[in-house]
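Visitor: Have a look at this fold, sequence not included:
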């Protein structure tokens, strides 16, 4: 069984064939998924999907690129919804210095507020980090995020940063980029991450793995990520799938 620990099934790219996408994932051996709701539109639909499918769980939070839009009542809304039995994490939250849509000081404030919320409701956090490695690690440390831990989603940094995250009780998750032939750094980091701290994901409909790069990503393609990860780790795909599924269940508190 495979566990796609980060997908966006309620993205508009799936409006025409969402049920078929889910069916294909199941046929590919995907037994569990965490779907991410990260704004005013997708948080409700993420919970609806989790209610409809027993094997889909929800993470809810406010994406850093939209930090400028988050109001105090949105944080209160996320807190209320976090008690839902299918909500397993707060996320994706973090910092994004690539897209110039929200000022850094606003991103920092919203990130800190959601870490504090996660600690209050005792849920792990799912971290989005794009071109902001030093600030992400610093804020996680300052906000005592090690108390709840979580996932460094679609990890793209170097080993030195990953090591600091591992020391703070985080899992390191890899997606499509680790399948790219020229992705030297992600492959090197994956090789060093302990097996009991490794997760896999798709981030679909984005970051499609080789050989489907350039097309829409979907959860079924987590099997391609598993294949590459198994080769890098020197284990069978079956062992890699079993271990990363168990890791995901532990991380998100899924029995």
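Guide: Received, thanks. Quick caveat: nothing in here was measured; it's all calculated off a predicted structure.
Visitor: List the residues that contact the nearest residue in space to residue 58 that is not next to it in sequence.
Guide: Excluding the flanking residues, the one nearest residue 58 by C-beta to C-beta, 6 or more residues apart in numbering is residue 50, at 4.1 Å. In this view, the C-beta of every residue, glycine as well, is placed from N, C-alpha and C. Neighbour list for residue 50: 35, 56, 57, 58, 84, 86, 87 [criterion: C-beta atoms under 8 Å, 6 or more residues apart in numbering].
Visitor: roughly how far apart are the second one and residue 219?
Guide: Right, residue 56. Relative to residue 219, residue 56 is positioned 10 Å away (C-beta to C-beta, to the nearest Å).
Visitor: Now do the shared contacts for those two.
Guide: 9, 22, 33.
Visitor: and the residues you listed as JSON lines, adding distance to residue 136, pLDDT and neighbour count?
Guide: Putting those into JSON lines (distance: C-beta to C-beta, whole Å; pLDDT from 0 to 100; neighbours: other C-beta atoms under 10 Å) gives the following:
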{"residue": "9", "distance to residue 136": "26", "pLDDT": "98", "neighbour count": "25"}
{"residue": "22", "distance to residue 136": "31", "pLDDT": "98", "neighbour count": "23"}
{"residue": "33", "distance to residue 136": "25", "pLDDT": "98", "neighbour count": "29"}
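Visitor: So which residues of this structure form helices?
Guide: Residue ranges of the helices in the chain, as given by DSSP state H, are 18-27, 42-52, 72-81, 104-121, 133-142, 159-167, 184-192, 222-233, 237-252.
Visitor: Contacts for the first one next, please.
Guide: Right, helix 18-27. 4, 9, 10, 14, 33, 53, 55, 56, 218, 219, 220, 222.
Visitor: And for the fifth one?
Guide: Contacts with helix 133-142, where a contact means C-beta under 8 Å, 6+ apart, come from 94-95, 104, 108, 111-112, 115, 127, 129, 146, 157-158, 161, 164-165, 168.
Visitor: who's the residue nearest to residue 247 when sequence neighbours are not counted bridged to?
Guide: Of all residues not flanking residue 247 in the chain, residue 199 sits nearest, at 5.7 Å (C-beta to C-beta, 6+ apart). Counting by DSSP bridges, residue 199 forms beta bridges with residue 173.
Visitor: Noted, bye for now.
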